[in-house]
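>>> the following block contains a protein sequence and its predicted model.
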4 protein chains.
Amino acid sequence: MTFTVAVAGASGYAGGELLRLLLGHPDLTIGTLTAASSAGTPLGQHQPHLVPLADRVLAETSDETLAGHDIVCLALPHGHSATLAASLGPDVLVVDLGADHRLSSAADWQRWYGGDHAGTWPYGLPELPGARERLAGAKRIAVPGCFPTGGTIALAPALAAGLVLPEVTVVSVTGSSGAGKALRPNLLGSEVMGSASAYGVAGAHRHTPEFVQNLSAVAGEPVAVSFTPVLAPMPRGILTTASAPLRPGVDAAGVRAAYEKAFDGEPFVRVLPEGTWPATAATVGSNNVAVQVSVDADAGRLVVVAALDNLTKGTAGGAVQSINLALGLPEGAGLPTTGVAP
Amino acid sequence: MTFTVAVAGASGYAGGELLRLLLGHPDLTIGTLTAASSAGTPLGQHQPHLVPLADRVLAETSDETLAGHDIVCLALPHGHSATLAASLGPDVLVVDLGADHRLSSAADWQRWYGGDHAGTWPYGLPELPGARERLAGAKRIAVPGCFPTGGTIALAPALAAGLVLPEVTVVSVTGSSGAGKALRPNLLGSEVMGSASAYGVAGAHRHTPEFVQNLSAVAGEPVAVSFTPVLAPMPRGILTTASAPLRPGVDAAGVRAAYEKAFDGEPFVRVLPEGTWPATAATVGSNNVAVQVSVDADAGRLVVVAALDNLTKGTAGGAVQSINLALGLPEGAGLPTTGVAP
Amino acid sequence: MTFTVAVAGASGYAGGELLRLLLGHPDLTIGTLTAASSAGTPLGQHQPHLVPLADRVLAETSDETLAGHDIVCLALPHGHSATLAASLGPDVLVVDLGADHRLSSAADWQRWYGGDHAGTWPYGLPELPGARERLAGAKRIAVPGCFPTGGTIALAPALAAGLVLPEVTVVSVTGSSGAGKALRPNLLGSEVMGSASAYGVAGAHRHTPEFVQNLSAVAGEPVAVSFTPVLAPMPRGILTTASAPLRPGVDAAGVRAAYEKAFDGEPFVRVLPEGTWPATAATVGSNNVAVQVSVDADAGRLVVVAALDNLTKGTAGGAVQSINLALGLPEGAGLPTTGVAP
Amino acid sequence: MTFTVAVAGASGYAGGELLRLLLGHPDLTIGTLTAASSAGTPLGQHQPHLVPLADRVLAETSDETLAGHDIVCLALPHGHSATLAASLGPDVLVVDLGADHRLSSAADWQRWYGGDHAGTWPYGLPELPGARERLAGAKRIAVPGCFPTGGTIALAPALAAGLVLPEVTVVSVTGSSGAGKALRPNLLGSEVMGSASAYGVAGAHRHTPEFVQNLSAVAGEPVAVSFTPVLAPMPRGILTTASAPLRPGVDAAGVRAAYEKAFDGEPFVRVLPEGTWPATAATVGSNNVAVQVSVDADAGRLVVVAALDNLTKGTAGGAVQSINLALGLPEGAGLPTTGVAP
C-alpha cells in the first residue's frame, strides 16, 4: 500500500528537498505539485536536479489542487497553512514545513510573527521525549525549524539529565539555503561567498521562542536561550555550537555517558568517537545528526557541537521521518543515512 | 627616513600578507626574505600575488641572513623566535608574529605549548588600555593571535565598564588561511568547501589562555572564557560572536554608549550603525574591525559580533600597526582602511 | 541473488563515492575494504559521511584481502591494478577505476604514463556505440577518466553523424575532488577557494589520449583534440565546454535532432530544453549528464556544454553502471537519477 | 594638482571597485556619488567595505548632480551614457564603464543591444597597438568589457604576429560579480556555490562583437571568435582559456618570444615563468594580468591562459589606467600591482 503526497511550494528549496526524498521513498507516491508565482511552469525550470520530475507542471496552490491526497505537505511562507489545512479535512495528514503551528503560546506567536496564532500541532522532532507517541497516528504535524532541530538535539540530553544550568548559548552557522530563494541582495552569491556574517542576533531570530519552548519542556523549568545565527558561504548545513554552565560535580565521563544513553537507538543521531568533531559536509543530503560533547573545566561549561543538513534533517527529512511515524511506516523509510561528500 | 625590514617565513600566509602591506608602506623598505624548506626558490613560486617581489629569492632563516635590518619580523612556527631574537641584538625591532612571547605566565605556556617559556614581550594590540604607551619605542613586540584580537576587541569595552559578569562565551568563525599552509587532509579544498566544522573545542585551542589573559587584565578580575573556533569555507576572515551575562540594570543604550566611547578615535575599529551586522567580506584586505552590539533582554546577555581579516588586522596588519607605534610613525601608515569586496 | 564487492582504495574520494552507491544498490553487498597507509583504521575516520560503514576497519590492499569476492573494484593510483587483477583469477569481475587499462595503444601508454602497458580492458562508457554489448558478461572493466566521460558524451553524436570536422577543443571546468586527497599546496582550501586556475594545459593532461581514442573511434577517423582542464572552487562537478567547426550545411535544427536521437533512451543523459544551460550543481550525487547544444553561425562552430558529477557518472557511478551491464542487472540499479541541490 | 571625479552608479560592484581605487589614487579626489533606486541612502549601506566613504549620501543620477567635476565615471546599465555625456560638455572627461560606446559598428550595436547606436569613443585598452596615443588627451573613454579585456590580451600577440589562423575559441570562467547586483535567482549564493554553469553560449553573449572588433583590428583581417562564458563559484576573477590553430612552422619558442616581446614593458601584464599557470586568486584586487602560453603540437593549436580580476583590470582598474593616460598622469597611479591572496 502506498500513500499519495501533494507538495505545496514545490519550487522552493524545502519543497525541492522534500521531493528528492519522496522520489526515493518506497511507500509514498508524489501527487500534485503546486506553487505561487511559478504555477504553470514545469518543475525542471526550478529544480533541475529532480530529473524524474522535470516535466511535471506546477499547479496553483489551492484547496482544489491539493485535495484528494493522503498527505499534503505545505512548504509555504508562514501564515498560509491554517486555512488550507482546514479545507483539507481531518482525515488528510497535513504536514506544515512552515512556522505556523510550532509554538504552543499564542503570545509568543503574536510577539515573534504577529497576527493570530493558527494553533499548535504535534511537533515533529522524534528525538524529543514522548514525541514518537504523539506523532503516531497524528493527522497534523508541525515540522520544527532548522535551527531548533540542531539546538534541541544538542542540548536536550544535558538539560534532561540536569547536567547544566538552564541558561544556554547557541551559535548556529548555517548555509544559505536556509534563507530560501528570496531575492535579497545579501543572499547574492557575490555577497555570500568569502564571507561570514551575523544576522538576527541577540534573540531577534524567530526561531528563538521555539528553542525556549523545546528546551524548557525537556528541562522541566524555564531555560534562557541566547541564540545567534551566522551565515557561512555554503549552500547547506548547520553547525550548532551550544554551551551551558555545568552543574557542580559533572565531569566529562558523565556528560559523555548521558549523551550516549540519550541517543542510543536513535536512527539518525550519532555521538562521534572522542577526538572527532562534526563537519556539516558529512551530513549533506542525509538525515543524520553528528554530535560531539566536551567539558571545558576551566570555563566550567559544557560545549556541544552538532552538524546536520538544514534541508534534510532540518526540514524535509524531519518531515518525512514524522510522516513515517504518523503512518506507522518504518521510521527510516526513504531517509538516507549516507551523506554526499566531499 | 625609511627603515629596512627582514621577513622570516616569507613563503607562508602571514609572511605573504606582511609583505603585501610592506609593499604599500611609505616608510618601510623590504630587505631579506627567508624561509625554511623553500629557501633558494623565488618568492613568486609561493606568493604569486606579490608580483613586484616575484623574482626575490628566499634565503635560509638564520642569524646571519636576518642581521643588518632595522626591523625583523618573524612569521615562524612557535618555538623559533627567542633564539633568533637574542642573536639580533637589543637595538633591532623584533616582531614575533608567532605565539612565543604572548603569554605572561610561564605555567600557561608550559600547559598549552609545552617546553620552556621564551618570555613576554610588549603585546601588540593597540586597542587595549595603555597599549600605545607600552609599544612606543619598544624593541620587541608580540603580535596577538588572530582569535584573541577579535575576541578582545569585542569584549573589552563591556568588561572594562563592568557591564557584564566575567564569564564569557566566544564562538569564532574563521577562514582557512588561519591554519596556514600546513598540508593536512582536513584543510584540502575538497574538505573545506561546503562545510562548517568545529575544532579545538571546549578550551582546547591554544589561543584560550591569551583570551583569558587579555580579558582578565581589562576586567581587573579573572574572566572565565569558553572559546570555540569554527572553520568556514572561505580563505580569510574571522567573525567573532561573543556573549556574556549582563549585570543588573544594564540596558541597550548603556551598552551602545560604552562601545562607542571605547572605540571613539580608534582608527581601525568601527561600531556599525544600529541594525547593521558585520560581515567578514567587508574587511578583507583591510585593517578594519567592524563591531556591532546587542542586548538580549530575554536571555539577559550582551551579544557582540566583530568581523576582521585574520591575516590583516588579525596578524600582519596588527604587526604593522604596532611597528608604526614602536617607531613613532603614523599609526595607520601602510594600513588599508578599505576592504576588497565583493 | 546478490554479489559481493571488495573495494581497494576505500579511503579515497573515488572509493568513498563507490561505497556510497554500493550502500544503495539492491544487488551488491559490500565486502572487504582496503587501503594503503590507512590500513588498520576505521573507515569512519576517512569517510565520515558513510555512517553505516563507520566502524569497518580497513585492511591492507593485497591479493589475500581482496580474494573471495564476486567483484573487486580497484580505486588505486595507476600502476597497481594489473598484478592484483592477475592474482584474482579470470572469474572475478575486476573493475579498474584507475587509468591502467583504458588505452589501447601501448605507445600512448608509454608516452603519457611511462612504464609497461598493462593491457586494454573493455571500456566502461555505455553511451559509446557497441559498448553495452562489449560490457555484457565482461570480467574486466576499465572505468573511463572523468574528463573523457564528459567530453566523449558531449562530442560523440556530432562526430558520429559527421556534423563537425575532426578537430575539437574541450575546456573542462572541474571541482577539486578530481585531484583526490593528495596533499599538494595548490589543493589547499585557502588556495582553491576564490580561484579559477588552469593546469595540464595544451595536451599535457593524461586524459588527452583517452579523448583522442574515444572520439577517433566514434568519428571513424583521427580526431585532433585540444584539451584544457580548469580547476574551479567547488568540491564536485565537471562542466565540459566543447566546440568544433561545423561541416557545411549543418544547422541548429540538424544538430539538435542528432543529439536528441543519439541520447534517446539513454537512462542517464538528457538533452536540456532549448534555452536552458547545464549547471554542475544539478548533477551532484547523481549519475546524470545534462547536455545542451548550440550552433554559433558567426564562428561556424558547434558548441556543446555537458555537466556531470566527476565522482558519480565520472567515476564511481560509471563503474556501477558498467558492473550492472556486465552482470546482467538492470543498468540503473543503485544509481541515483536525482541530484542533491542546492 | 588633483582632479575631481564623480561616480554615477556608486552602489553597484563596478562603482564600488572604482571608488576603492580612487580612494588610493594620489591625483584624483572623489566628488559626487550617485545612484538610481538607492539615492538618498548612505554609501555604507551598499559598500560596507568602503569605510572612509561610509557616511556619504548617494545623490540621484542626473546632469545636475554630475556637473562641476573634471571627470565623470558612468557605471550604469547600457543606454544611459550618451545623454548624460552630452549634457556634461566636451571639456569634462567622461568615462563610460558600460557598453554604449565600445562598438564601432552601428549594425553590431543594433544586433546585439538593440536601439540606436550612441557612437564610438576611444577604447580604453592601453595594451592594444596605438591605444596609448588615442587615449592621451581624450575626453571620452569607453571602458572595455571584462571578457574582451582578458581575451584580447590573451590573443592579440599571436594574431598580430600571424602565429595563428584567424579563428579562435575562447572559454572564460568568471566570478559572479561580473553579473552585478541584479536580483536573479541563478545569482543567489545557494545556486552559485558548488556549481559551474554555462550561459550566453555560442556567440550569444553581448561581448562577442567586442572580441571580434578587437581581434580583427589586431589581426588585420576578420577573426572568427567562438566565445563561451562559464560562471564559477567565486566572487571575482576571470580565467580566459583561448586557443587557435597554429600556422605552419610556428613552434613553442617562437610563441613564447612573441608574447614576451608583446608585453615587454607593459606595466600590468606578465608572462609567467614556464611551467607556471595563472590562477585568478593571485590577481584579486590588482590591475594585473597573468598570462601563460603553450603549444599543443598534437592538436596543432596555440593555447593561451590569462587571469585577471574582472572588477579591477576588467572594469574599474582599466578605467583608472585609461584616465591616467588621458590626463597625462603616471599610467600606474592608484593601481595596485599586488593582489590580495589567499
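Cool, got the structure.
>>> is it fair to say A:Ala326 lies in a helix?
Yes: the assignment for A:Ala326 is a helix, going by DSSP: H, G, I helix; E, B strand; the rest coil.
>>> for the closest residue to it other than its chain neighbours, what are its contacts?
Using C-beta to C-beta, 6 or more residues apart in numbering or on different chains and skipping residues adjacent in sequence, the residue nearest A:Ala326 is A:Ala138, 4.6 Å away. All C-beta spots, glycine's among them, are computed from the backbone N, C-alpha and C. Contacts for A:Ala138 were tallied using C-beta atoms under 8 Å, 6 or more residues apart in numbering or on different chains; they are A:93, A:121-122, A:322, A:325-326.
>>> residue numbers of the stretch 101-250 of chain A in contact with chain B?
Residues of the stretch 101-250 of chain A lying near chain B by C-beta under 8 Å from any C-beta of the partner chain: A:167, A:169, A:171, A:173, A:175, A:190-191, A:193-199, A:201-204, A:208, A:212, A:224-226, A:228, A:230, A:232-239, A:241, A:243, A:245.
>>> gap between A:Gly79 and C:Thr120?
64 Å (C-beta to C-beta, to the nearest Å).
>>> can you check A:Val303 too?
As judged by C-beta to C-beta, A:Val303 and C:Thr120 stand 56 Å apart.
>>> more crowded one of these two?
A:Val303 (27 against 17; other C-beta atoms under 10 Å in any protein chain shown).
>>> let me know the pLDDT of the more buried one.
For A:Val303, the pLDDT comes out at 97.
>>> same for chain D: which of the residues of the stretch 101-250 of chain A next to chain B are within range?
A:175, A:190-191, A:193-194, A:233-235.
>>> adding neighbour count, write those out as TSV.
As requested, those are exported to TSV (neighbours: other C-beta atoms under 10 Å in any protein chain shown):
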residue	neighbour count
A:Gly175	31
A:Ser190	26
A:Glu191	27
A:Met193	27
A:Gly194	29
A:Pro233	31
A:Met234	29
A:Pro235	28
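>>> check the burial of the one residue in the stretch 201-342 of chain A that gets nearest to chain C by counting its neighbours.
Distances between the stretch 201-342 of chain A and chain C by C-beta to the nearest C-beta are smallest at A:Gly339, namely 3.3 Å. Using other C-beta under 10 Å, A:Gly339 has 29 neighbouring residues.
>>> and the helices in chain A?
Using DSSP state H, the helices assigned to chain A run over residues A:13-23, A:63-66, A:81-88, A:106-112, A:131-135, A:146-160, A:189-192, A:208-219, A:252-262, A:317-327.
>>> tabulate those helices (TSV), appending distance to B:Ala161.
Formatted as TSV, the helices of chain A follow (distance: least, C-beta to C-beta, whole Å):
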stretch	distance to B:Ala161
helix A:13-23	43
helix A:63-66	57
helix A:81-88	46
helix A:106-112	30
helix A:131-135	45
helix A:146-160	30
helix A:189-192	34
helix A:208-219	27
helix A:252-262	35
helix A:317-327	43
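>>> so which of those gets nearest B:Glu127?
Minimum separation from B:Glu127 across the helices of chain A (C-beta to C-beta) falls at helix A:189-192, 27.9 Å.
>>> A:Ser264 and A:Pro48: what is the separation?
Slight slip there: residue A:264 is Asp, not Ser. According to C-beta to C-beta, A:Asp264 and A:Pro48 sit 41 Å apart.
>>> show me which of the two is the more surrounded one.
A:Pro48 (25 against 9).
>>> report the contact partners of whichever residue of the stretch 1-150 of chain A sits closest to chain D.
Residue nearest to chain D within the stretch 1-150 of chain A (C-beta to the nearest C-beta): A:Tyr13, separated by 6.9 Å. A:Tyr13 sits next to A:177, A:180-181, A:311, C:342, D:190 when contact means C-beta under 8 Å, 6+ apart.
>>> could you report the separation of it from A:Leu66?
A:Tyr13 is 20 Å from A:Leu66, by C-beta to C-beta.
>>> about what we covered before: you'd agree the residue of the stretch 201-342 of chain A closest to chain C is up against A:Pro278?
No: A:Gly339 lies out of contact with A:Pro278 (C-beta atoms under 8 Å); the separation is 11.4 Å.
>>> buried stuff in the helix or strand of chain A with the lowest mean pLDDT?
Here the helix or strand of chain A ranked lowest by mean pLDDT, DSSP states H and E is helix A:81-88, holding a mean of 91. Buried positions in helix A:81-88, judged by neighbour count with 16 or more other C-beta atoms under 10 Å in any protein chain shown: A:81-82, A:84-85, A:88.
>>> check stretch A:103-116 too.
For stretch A:103-116, the neighbour count (16+ other C-beta under 10 Å) marks A:103-104, A:108-109, A:112-113 as buried.
>>> show me the contacts for A:Val72.
The neighbours of A:Val72, taking C-beta under 8 Å, 6+ apart as the test, are A:5-6, A:8, A:66, A:84-85, A:88, A:92-95.
>>> neighbour-wise, give me the winner out of these.
Busiest of these [other C-beta under 10 Å] is A:Val95, holding 31 neighbours.
>>> surely that residue and A:Ile323 touch.
Yes: contact criterion C-beta under 8 Å: A:Val95 and A:Ile323 qualify, at 6.2 Å.
>>> residues shared between the contacts of those two?
A:71, A:141.
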